[in-house]
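>>> structure for this input, please:
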Amino acid sequence: MSNETATSQPKKGKNLYYYQKEALNKIFKSFEDAPENYHLLYQLPTGGGKTVIFSEITRQYLKHHQKKVLIMTHRIELCKQTAKVLTEFGVENKIIDSKASLEDQDKYDCFVAMVETLNNRLNDDMLDISDVGLVIIDEAHYNSFTKLFKFFEKSFILGVTATPLSSNIKLPMKDNYDELIVGESIGSLIENEYLAKANVFSYNVGLTSLEVGANGDYTVKSSEDLYTNTDMLSKLLQAYEERAKGTKTLIFNNGINTSLHVFDTFKRAGYPIAHLDNTNTKKERDLILKWFHKTPNAIITSVSILTTGFDEPSVKSIILNRATKSLTLYYQMIGRGSRVLKGKSDFNVIDLGNNFHRFGPWGADLDWQKMFRAPNFYLDNLLSDEEIESDFRYELPEEVKAEFANSEDLYFDVKKVYRDTIQGGESSKRVLEKSIEHHAKMCVENSEDVFDALILAKMLGGDIDDRIYRYSKCISKSTHNFIDWLQDDYRKKLNTYLRGNFDEVYEQIHGHPPPEEE
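This next block holds a predicted model:
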């Protein structure tokens, strides 16, 4: 089969893929059997060609019914894209945006409208909708559309989305739709070469400083505080250089300030990068996207602006430089890299927000019907950040790890040692003593004398802090002052232990005392 995007193929209702034809048949069957004012939701992954399907539905509907079709979108880019595909299908259509004149509305049977403009026109009674039999809603998980349903009580409503989970947890989709039809799965689309396969690289990130806002997702402010710090920016640059260097890359951030910091970091490192957010003019945006299209290793850093209505199949790497609790956003961001292209059958996903741990792999076999019927059950069962992070293993930075090349065992499982220690009837303080002995052994294994060992001990700061954090969770005492005191006390005790026991530990390891200084 041809490795082109699903949207670039069918013209005038021809050449629909088998799964698109199946969807069409199911939707029309539901349509024929349904009562007036029936609300149907159709799910299909990003890149599966939703616009193609509803353009063909529009074409067939207008051919067989004496009524009009209205298609609603929430973004001007989606409006234009939809109008273009409809025209390719031979459906004449009129875009209703803020500049549109409605004097010639009688000449059209199909309208494509921005939701806010449509709301204003309907409230002003400027658009005649008495003849609209079918209303199609693109990206139906956004709740901005529901306020318009009252105008269409005699129309069949078809919502389409990649993720049938509402953008507002308080307004579940099952309250607005009668039935969900689930389309082809991501796994099947990948297997049949309609979508590219994601290679996911997840970097463990401490997110406990993030706060959740009223909308159920992390606040921009707490995200900005975390993702603009030097450590996180270095981690991002390092991840890019390890996994995505030289590929066309999209970086998603939660906040304009973060994106600007990312832009500066990559610019200073000499990489071709542009920043894009919703304050850019249309002209600036078009120039940036044109540059991105023709530059092989271009990078765009943005703030959710490219999650919908953006189609650039040559994207090879997606970086999630943010955490989200929205499955929809997770799927939309990754979906931007999933378009197939000649010579491209896979793409990279670099996750710097523990999203992979929270939601599982992109394209996992999710039960959309269950999520549609019981969204809270799904949302309530997502792991919290603390649960996710409790399973992380702290990894020493590569340059530090190199200093401990003679040590085979660098990992100390605080939780397990704590459990064994308490079950053995010992005091919890023994856990830290055992940890100090383990760290001391690592230092001695890689040193010739006590001075070398003390220098190495200084390099273990990150590992020490991680062990103390886990220990504080085990004993359920985690005030900042207590943790600071424990971290400080641990470092002193490790140094004291090395000074007092270096020779003895060295002999245990090597079977002979350290060499005498000449």
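
>>> report the spatially nearest residue to Ile422, omitting neighbours in sequence.
Closest residue to Ile422 apart from its sequence neighbours, by C-beta to C-beta, 6 or more residues apart in numbering: Ser428 at 6.6 Å. Quick note: C-beta positions are derived from backbone N, CA and C, even for glycine.

>>> look up phi and psi at that neighbour.
With angles defined as degrees, to the nearest 10, Ser428 sits at phi -60, psi -20.

>>> just Val69 next, same as before
phi -120, psi 140.

>>> bridging residues for it?
For Val69, the beta-bridge partners are Cys110, Leu134 (DSSP bridges).

>>> and it, how close does it get to Gln105?
13 Å (C-beta to C-beta, to the nearest Å).

>>> now list whatever residues contact both of the two.
Phe111 (C-beta atoms under 8 Å, 6 or more residues apart in numbering).

>>> OK, contacts around Glu139?
Going by C-beta under 8 Å, 6+ apart, Glu139 touches Thr73, His74, Arg75, Leu78, Val160, Thr161, Thr308.

>>> what about the host helix or strand of the fourth one, average pLDDT?
For Leu78, the enclosing helix or strand under DSSP states H and E is helix 76-88. Helix 76-88 comes out with an average pLDDT of 89.

>>> ok, stretch 339-354 next?
Across stretch 339-354, the average pLDDT comes to 95.

>>> stretch 224-240 too?
For stretch 224-240, mean pLDDT is 94.

>>> residues in contact with the host helix or strand of Lys235?
Assigned by DSSP H and E, Lys235 falls within helix 230-243. If you take C-beta under 8 Å, 6+ apart as the criterion, helix 230-243 is touched by 201, 203, 205, 226-227, 249, 251, 261-262, 265-266, 269, 271, 299, 317, 319, 321, 348, 350, 352.

>>> try stretch 140-150
For stretch 140-150, contacts defined as C-beta under 8 Å, 6+ apart pick out 39, 41, 72, 74, 115-116, 118-119, 122, 137, 157, 159-161, 163-168, 171, 173, 176-177, 328.

>>> chain center to it: distance?
Its chain's C-alpha centre lies 24 Å from the corresponding centre of stretch 140-150 when counted by C-alpha atoms, centre = their mean, to the nearest Å.

>>> buried sites along that stretch?
Residues of stretch 140-150 classed as buried by neighbour count (16 or more other C-beta atoms under 10 Å): Ala140, His141, Tyr142, Ser144, Phe145, Thr146, Leu148.

>>> pLDDT score assigned to Asn215?
Asn215 carries a pLDDT value of 81.

>>> also the one 3 residues further on?
With respect to pLDDT, Tyr218 scores 93.

>>> how much space separates it from Gly206?
In terms of C-beta to C-beta, Tyr218 sits 13 Å off from Gly206.

>>> just Arg322 next, same as before
According to C-beta to C-beta, Arg322 and Gly206 sit 14 Å apart.

>>> so which of these two has more stuff around it?
Legend: neighbour count by other C-beta atoms under 10 Å for Arg322 and Gly206, higher for Arg322 (27 against 15).

>>> pretty sure that one contacts Gly353?
Yes: taking contacts as C-beta atoms under 8 Å, Arg322 lies within contact range of Gly353: 5.1 Å.

>>> next up, the contacts around the spatially most central residue of the chain.
The chain has Tyr330 as the residue nearest its centroid, 2.9 Å off, counting by C-alpha atoms, centre = their mean. By C-beta under 8 Å, 6+ apart, Tyr330 lies in contact with Leu320, Thr324, Asn355, Arg358, Phe359, Trp362.

>>> filter those residues down to the ones in strands?
Within those, residues falling in strands by DSSP state E are Leu320.

>>> would you convert the contacts of Tyr330 into CSV that also reports distance to Phe54 and neighbour count?
Below are those laid out as CSV (distance: C-beta to C-beta, whole Å; neighbours: other C-beta atoms under 10 Å):
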residue, distance to Phe54, neighbour count
Leu320, 29, 25
Thr324, 27, 21
Asn355, 29, 26
Arg358, 31, 20
Phe359, 27, 20
Trp362, 24, 23
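
>>> identify the farthest-apart pair in the contacts of Tyr330.
Thr324 and Trp362 (13.0 Å; C-beta to C-beta).

>>> same for the helix or strand of the chain with the lowest mean pLDDT, what does it pack against?
Here the helix or strand of the chain ranked lowest by mean pLDDT, DSSP states H and E is helix 385-390, holding a mean of 83. Secondary-structure packing of helix 385-390 (3 or more C-beta pairs under 8 Å, 6 or more residues apart in numbering; DSSP states H and E): helix 461-474.

>>> by contact count, what packs against the helix or strand that the helix it packs on is followed by?
Using DSSP H and E, the helix or strand that directly follows helix 461-474 along the chain is helix 480-510. On a contact count with 3+ C-beta pairs under 8 Å, 6+ apart, helix 480-510 meets helix 429-445, helix 450-458, helix 461-474.

>>> buried ones in the last one?
Pointing back at helix 461-474 there. By neighbour count with 16+ other C-beta under 10 Å, helix 461-474 contains the buried residues Asp463, Ile464, Asp465, Asp466, Arg467, Ile468, Tyr469, Arg470, Tyr471, Ser472, Lys473, Cys474.

>>> check the offset of it from the chain's centre.
28 Å.

>>> between that helix and helix 480-510, how many degrees?
Angle of helix 461-474 versus helix 480-510, following axes from the mean of the first three to the mean of the last three C-alpha atoms, to 10 degrees, is 120 degrees.

>>> with the shortest one instead?
Here the directions of helix 450-458 and helix 480-510 differ by 140 degrees (the same axes, to 10 degrees).

>>> ok, and what's touching helix 450-458?
403-404, 439-440, 442-444, 446-447, 491, 494-495, 498-499, 502.

>>> the residues you listed, buried ones only, as a PyMOL selection?
Buried residues within these, by 16+ other C-beta under 10 Å, are selected in PyMOL with:
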select buried, resi 403+404+439+440+442+443+444+446+447+491+494+495+498+502
